[in-house]
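1. Here is the input, now give the coordinates:
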Amino acid sequence: MVEKYSIRTDLALEQKERFESDNVEVQGVILEEEYDEEREIRVTTVKIETEKGAKTMGKPVGTYITMEAPNMAVPDEEYHREVSKELAEFIKGMVPEKKESYQVLVVGLGNRQVTPDALGPYVVDNLNITRHIFKEYGRYAMGDDEMEIVSAIVPGVMGQTGMETVEIIRGVVAETKPDFVVAIDALAARNSRRLNRTVQIADTGINPGSGVGNHRNGITKDTVGIPVIAIGVPTVVDAATIVNDTMENLLQALESSEALKGVGLVMQGYSAAEKYELVKELISPHLNGMFVTPKDIDDTVKRISYTISEALNILFSGTATA
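-> Have a look, this model is predicted:
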């Protein structure tokens, strides 16, 4: 029954929530949660420890950290700076090799021409790139012993290049020999409240386009030869999710109405996943493949991309850009 229903989401947290709502216990998966009441930041860590757990969750074995910060959608520079500092710590915890210095390749995934998918390219725009300076003048020319060697690419999408993104990354990795890759991509969410307010960091790599059903080859340690840290922010939600959430609200309203209380009884035996599948079948075929993004996505994606780039600059350069 679990395999039959697939709710489109890139967030491991939402996959875990889906099973909990259906009272399904997932073996080999651990969930830990922390909440900072003052800043309203919730951090959830999902650890998939076994292959059985990975198969059930539909995600590789590894650690997935989700930071939910409702105020990320607000243009508050001080708040975003705090989020950047916290993100830097989480990313640091996933750096695979603790050594004196390392080289990192940052990959900005996505299509710059499509705003909800432009997160990765925007992040690279604001990065402090240092590899060329190190190669030309050496480490000490930078005046900071703790600064790491950072290079970055924006490989575009297959429709622009005719190549799988993983092929491009594999070639760059073979030539430049970084210690690990940090890949940034826009994600799809199951819950519209998480759009542009959530950041997921994973040590398992990433499968570009999987949340919107546009499956591309994964960018993982197995496919590129070195560890891959994935950073993603959900920027779109599919139409079926919005209709499903509306239906849930309607059923709750019906249950609170004495006159219409019995109308929603027929749906009470359905699990969350079954309701979602029913909605997908009922809505117009034209809506079934539609993904929706907030109207202020232009400003929001630029703001959040800057927050992520600042986190990377803090971690790899020891300072944020001015």
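2. Pretty sure residue 314 sits against residue 85.
-> Yes - Residue 314 is within contact range of residue 85, at 6.4 Å (criterion: CB atoms under 8 Å). Every residue, glycine included, has its C-beta placed from N, CA and C.
3. Mind listing what's buried along the helix or strand hosting residue 167?
-> Per DSSP states H and E: residue 167 is located in helix 165-176. By neighbour count, and taking 16 or more other CB atoms under 10 Å as the criterion, the buried residues in helix 165-176 are 165, 166, 167, 168, 169, 170, 172, 173.
4. tell me what whichever helix or strand comes after it is packed against?
-> Per DSSP H and E, helix 165-176 leads on to strand 180-189 as the next helix or strand towards the C-terminus. The criterion is 3 or more CB pairs under 8 Å, 6 or more residues apart in numbering; DSSP states H and E, and the helices and strands that strand 180-189 contacts are strand 103-108, helix 119-125, strand 228-238, helix 297-317.
5. Would you mind giving those as TSV with mean pLDDT and mean neighbour count added?
-> Below are those laid out as TSV (pLDDT from 0 to 100; neighbours: other CB atoms under 10 Å):
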stretch	mean pLDDT	mean neighbour count
strand 103-108	96	24
helix 119-125	96	24
strand 228-238	91	26
helix 297-317	93	21
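6. could the ones you listed go into a markdown table alongside distance to residue 157?
-> What follows is the helices and strands packed on strand 180-189, written out as a markdown table (distance: least, CB to CB, whole Å):
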| stretch | distance to residue 157 |
| --- | --- |
| strand 103-108 | 11 |
| helix 119-125 | 10 |
| strand 228-238 | 15 |
| helix 297-317 | 16 |
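7. And for residue 310, nearest residue in space, chain neighbours not counted?
-> Nearest residue to residue 310, sequence neighbours excluded (CB to CB, 6 or more residues apart in numbering): residue 84, at 4.0 Å.
8. Any buried residues in whatever helix or strand that neighbour lives in, and which?
-> Here residue 84 is covered by helix 77-94, with elements defined by DSSP H and E. Residues of helix 77-94 classed as buried: 79, 80, 82, 83, 84, 86, 87, 88, 90, 91, 94 (neighbour count, 16+ other CB under 10 Å).
9. surely the first one meets residue 71?
-> Yes - between residue 79 and residue 71 there is a contact at 5.3 Å, judged by CB under 8 Å.
10. list the residues that contact both of the two?
-> Counting by CB atoms under 8 Å, 6 or more residues apart in numbering, the shared contacts of residue 79 and residue 71 are residue 39.
11. List the pairing partners of the helix or strand hosting residue 150 within its sheet, with orientation.
-> If you go by DSSP H and E, residue 150 is part of strand 149-153. Strand 149-153 pairs in its sheet with strand 103-108 (parallel), by DSSP bridges.
12. just the angle between the partner strand and helix 165-176, please?
-> Here strand 103-108 runs at 150 degrees with respect to helix 165-176, directions being taken by axes from the mean of the first three to the mean of the last three CA atoms, to 10 degrees.
13. next helix or strand past the lowest-mean-pLDDT helix or strand in the chain?
-> The least trusted helix or strand in the chain, going by mean pLDDT, DSSP states H and E, turns out to be helix 285-288, with a mean of 62. Counting by DSSP H and E, the element after helix 285-288 in chain order, helix or strand, is strand 291-292.
14. related to what we said a few turns ago, which one of the buried residues of helix 165-176 sits closest to residue 75?
-> Nearest to residue 75 out of the buried residues of helix 165-176 is residue 165 (CB to CB; 31.2 Å).
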